[in-house]
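In: What follows is a predicted structure for the sequence shown.
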Amino acid sequence: MISEKLITNLTKAFDEDGDIILGNEDELIMIRSGAEGDEYYEITIEKVKGEGVDRSYEVLNTISMEKNKTDIMKQAIEIYLENGGSMEFLKHFEQN
């Protein structure tokens, strides 16, 4: 179950940070693209392949996000978890 607090705090974090990356940077990440302050931006779920200079990223899903839209963030979190993402990397957002 994804808590409302997690969804709200993660939405705020993504809205405010144009460079946010969440997840295990050796396996699966959830990343924001777009400039800080943008009303609309994209969240991608990416599988990390290889190591070091051979590292590449496969985009598994792209979500069009609108600022303050917690329902869209909930979808992004669900997609991240469905693709093997871990709550481990999201938990600290429930504590803020």
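Out: It's in.
In: In contact with the spatially most central residue of the chain: list those residues for me.
Out: The residue lying closest to the centre of the chain (Cα atoms, centre = their mean) is residue 30, at 3.2 Å. For residue 30, the contacting residues are 21-23, 43-46, 76-77, 80, 85, by Cβ atoms under 8 Å, 6 or more residues apart in numbering. Every residue, glycine included, has its C-beta placed from N, CA and C.
In: If we use 7 Å, what do you get?
Out: 22-23, 43, 45, 76, 80, 85 (Cβ atoms under 7 Å, 6 or more residues apart in numbering).
In: Find the nearest non-adjacent residue to residue 20, please.
Out: residue 32 (5.0 Å; Cβ to Cβ, 6 or more residues apart in numbering).
In: Take the contacts of residue 30 and lay them out in CSV including pLDDT and neighbour count.
Out: CSV is the format used below for these (pLDDT from 0 to 100; neighbours: other Cβ atoms under 10 Å):
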residue, pLDDT, neighbour count
22, 95, 21
23, 95, 21
43, 97, 25
45, 98, 24
76, 97, 25
80, 97, 25
85, 95, 21
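In: Please list the members of those residues that lie in strands.
Out: 22-23, 43, 45 (DSSP state E).
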